[in-house]
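Structure for the following, please:
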Amino acid sequence: MALSEVEHAAAIRTLLDAALVGATQSWHAYDYDDVPDDLPSNYAVVTVTRRYADDFRFNYARVLVGYRLTTLAVGLTVDSTRWVRDRIAVALNDKPLTLNDQPTTPVRFETENPIEWDDGRYSGATSWTYAL
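Okay, here's the model as predicted:
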């Protein structure tokens with residue numbers, strides 16, 4: 001049974017929550033509509049969308065659906081935003097995910113934007129791709 005984007009995003013947020021544990025504090029990954037009004041000092045925002053995959057096959061029995069994952073690292077300083085981005089990369093880069101007991105292809109880095117000033121904080125987006 002195919003998983004919804006909601007299920008993909010929830011599983012990825014859980015994975016990133018575990019990765020965003022700092023020495024003195026833990027931060028979280030959110031959907032855009034779940035970011036708290038009282039902003040934490042550092043956090044990540046996650047989006048998942050389907051993407052074009054040209055008859056991508058994991059094996060001969062199953063044709064996979066491609067997905068694009070976008071993570072937005074947010075922090076009070078450029079260095080803290082880099083820390084969030086680095087923790088996300090460690091959790092995702094070239095690693096398969098397990099979603100609903102199904103393995104994905106390894107998550108691949110696609111592109112990222114530089115960290116820049118963004119409405120009172122610093123942020124930078126990274127796009128990743130995978131298939132399930």
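
And the helices in the chain?
Secondary structure of the chain by DSSP state H: the helices cover 5-19, 78-92.

Near the closest residue to Y122 other than its chain neighbours, how many residues? Count them for me, please.
Once flanking residues are discounted, Y122 sits nearest to T81: 4.4 Å by C-beta to C-beta, 6 or more residues apart in numbering. Yep, even glycine has a C-beta here, placed from its N, CA and C like the rest. Counted by other C-beta atoms under 10 Å, the residues lying close to T81 total 23.

Am I right that T81 is in contact with N42?
Yes. T81 lies in contact with N42 (C-beta atoms under 8 Å); the separation is 7.3 Å.

on that earlier part again, so which of the helices of the chain is nearest D37?
Evaluated over those, closeness to D37 peaks at helix 5-19, with 18.5 Å, by C-beta to C-beta.

For that closest one, output the C-alpha coordinates as PDB.
Extracted in PDB, the C-alpha atoms of helix 5-19 (Å, rounded to 0.1, in the frame of the first residue of the first chain):
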ATOM      1  CA  GLU A   5       3.000  12.500   1.800                       C
ATOM      2  CA  VAL A   6       1.700  13.000   5.400                       C
ATOM      3  CA  GLU A   7       3.100   9.600   6.400                       C
ATOM      4  CA  HIS A   8       6.400  10.300   4.700                       C
ATOM      5  CA  ALA A   9       6.800  13.700   6.400                       C
ATOM      6  CA  ALA A  10       5.900  12.300   9.800                       C
ATOM      7  CA  ALA A  11       8.400   9.500   9.600                       C
ATOM      8  CA  ILE A  12      11.200  11.900   8.400                       C
ATOM      9  CA  ARG A  13      10.400  14.400  11.100                       C
ATOM     10  CA  THR A  14      10.700  11.700  13.700                       C
ATOM     11  CA  LEU A  15      14.100  10.700  12.200                       C
ATOM     12  CA  LEU A  16      15.300  14.300  12.200                       C
ATOM     13  CA  ASP A  17      14.100  14.900  15.800                       C
ATOM     14  CA  ALA A  18      16.500  12.200  16.900                       C
ATOM     15  CA  ALA A  19      19.400  13.800  14.800                       C
END
